[in-house]
Each structure stands twice: as C-alpha cells, then as structure tokens.
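Novice: Turn this into a structure:
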Amino acid sequence: MDKKNSDENSKLEDKDIKDNPKKEVKKEELSPEEKIKELEDKVARTYAEMENQRRRYEKEKEDAFEYGGFAFARETLNLLDNLDRSRISLENDENLKNSDSIKKILEHLDIIKKDMISIFKKNNIKHIETLNKKLDPNFHQAMMEVEDDAKEPGTIVQEIQSGYMMKDRLLRPALVAVSKKLNKSEKKDEIPENEEKNNEK
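Specialist: The predicted structure follows:
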C-alpha cells in the first residue's frame, strides 16, 4: 500500500511539473558574506560608470569651450575666398584697369582681408604653409600634378585654395598642385633642335 501511495505521489509531482513548466525553482539563499561581496561588486561597477561619465562630460565641456566656433570659422573662410575672387575679377576687368576707382576698391578689399586674418589669428586660426613644402595628407589635398624635373616629386608648386588650422585641428585642407617627374617615354620623344637639323642635312 505504501508503495502504491509513493508511486501515486511521484506521478502527481511529474504531472505538476508538466502542467507548470515555468514554475520557479527556489534559489539557494546566499550567505551574508556572499551578499556583501555582490553588493561591493555592484557599487564598484556603478562608481566606474559614474567616473567614465564624468570624464566624458569634462572632455565635451573642454571641446565646447576650445572649439565651439569651429563650424562658424569654417563657414567664414568662404568670405576670404570670395574677397580673393572679387579682387581677381576686378583686376582683370578691362574697363576698370589702371583707373583711380579700381585702386581705391582694391585697397579697401585688402584692408577687409587683413582685418579678417587678424581676427582669425586672435582666435588661433592660422593659414597652412604650402608652397615648396612636401605634400602632407594631414594638411594638404593634391588636386593635380605638374611635371617639373627641377623639384622633388610630391613638392607643392601651386596653392589652389588656402587651408587653415584651428589650434591643433584641421579647419580646411589646402588644395594644391604637386610636382612630378617627366615620363621617360616623353623625354625620348623630345628631340633637341640641333639633332633635328643634323638629321635634315
């Protein structure tokens, strides 16, 4: 009879498990020492996260103070470009050439440009040196190559558009033309005039 009861009990337990598959299994209770260790870990992790967040906030605050006008400064460079274009356009105007009025206009444009460059310098915005410098992809962007055997390949021979730095950050790269060696095939095709005359004789 006892055996029959025990079998029935085990069947009931199996049925209970099948009917309630999500039934929670009781966890073993942690000892006070283990609870303290778990809490210490949580506190340490929380403190580390707070410290990282504080560092990020400090960095963002410094960047905002140091480079807050970065986008504005980059847009302002277009004014300098337009001043240069206006000057070139006026200088090439046949109707205005050598007139007193054009001289005054150009003088005023120069004053405006000098004032703008002075304001830039006060705000740590500096022109990037280019001519006769080696091409540096960090500061220069090569737009074209010019054949020149007199200079080392990769030397900047022309500035197409000025580049600027704001403190240690690139505000705008300088657009430049760089030198390259003449192709050997092109050199062979070139026959000196003296040789051509000798061949004709």
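Novice: How far off centre is stretch 106-119?
Specialist: Its chain's C-alpha centre and that of stretch 106-119 lie 29 Å apart, by C-alpha atoms, centre = their mean, to the nearest Å.
Novice: Ok, stretch 77-92 next?
Specialist: Relative to its chain's centre, stretch 77-92 lies at 27 Å (C-alpha atoms, centre = their mean).
Novice: hmm, who's touching that stretch?
Specialist: By C-beta atoms under 8 Å, 6 or more residues apart in numbering, the surrounding residues in contact with stretch 77-92 are 96-97, 102, 105-106, 109, 112-113, 116-117, 161-162, 164, 171-172. Where you see a C-beta, it was placed from the backbone N, CA and C, and this is true even at glycine.
Novice: Repeat that for stretch 167-187.
Specialist: Stretch 167-187 is contacted from outside by 66-67, 70, 73-74, 77, 124-125, 128, 130, 135, 138-149, 151-165, using C-beta under 8 Å, 6+ apart.
Novice: in it, what's buried?
Specialist: Of the residues in stretch 167-187, 171, 172, 173, 174, 175, 176, 177, 178, 179, 180 count as buried by neighbour count, 16 or more other C-beta atoms under 10 Å.
Novice: closest to residue 41 among these?
Specialist: Minimum distance to residue 41 across the buried residues of stretch 167-187 is 46.5 Å, recorded for residue 171 (C-beta to C-beta).
Novice: Tell me how far that closest one lies from residue 113.
Specialist: 17 Å (C-beta to C-beta, to the nearest Å).
Novice: now do residue 134
Specialist: Residue 134 is 28 Å from residue 113, by C-beta to C-beta.
Novice: Comparing the two, which residue is more hemmed in?
Specialist: Neighbour totals were compared for residue 134 and residue 113, and residue 113 leads with 15 against 11 (other C-beta atoms under 10 Å).
Novice: do you know how far the more buried one is from residue 81?
Specialist: 11 Å.
Novice: Can you report how many residues neighbour residue 130?
Specialist: Taking other C-beta under 10 Å as the criterion, the count of residues near residue 130 is 23.
Novice: no wait, residue 131
Specialist: By other C-beta under 10 Å, 11 other residues sit near residue 131.
Novice: No further questions, thank you.
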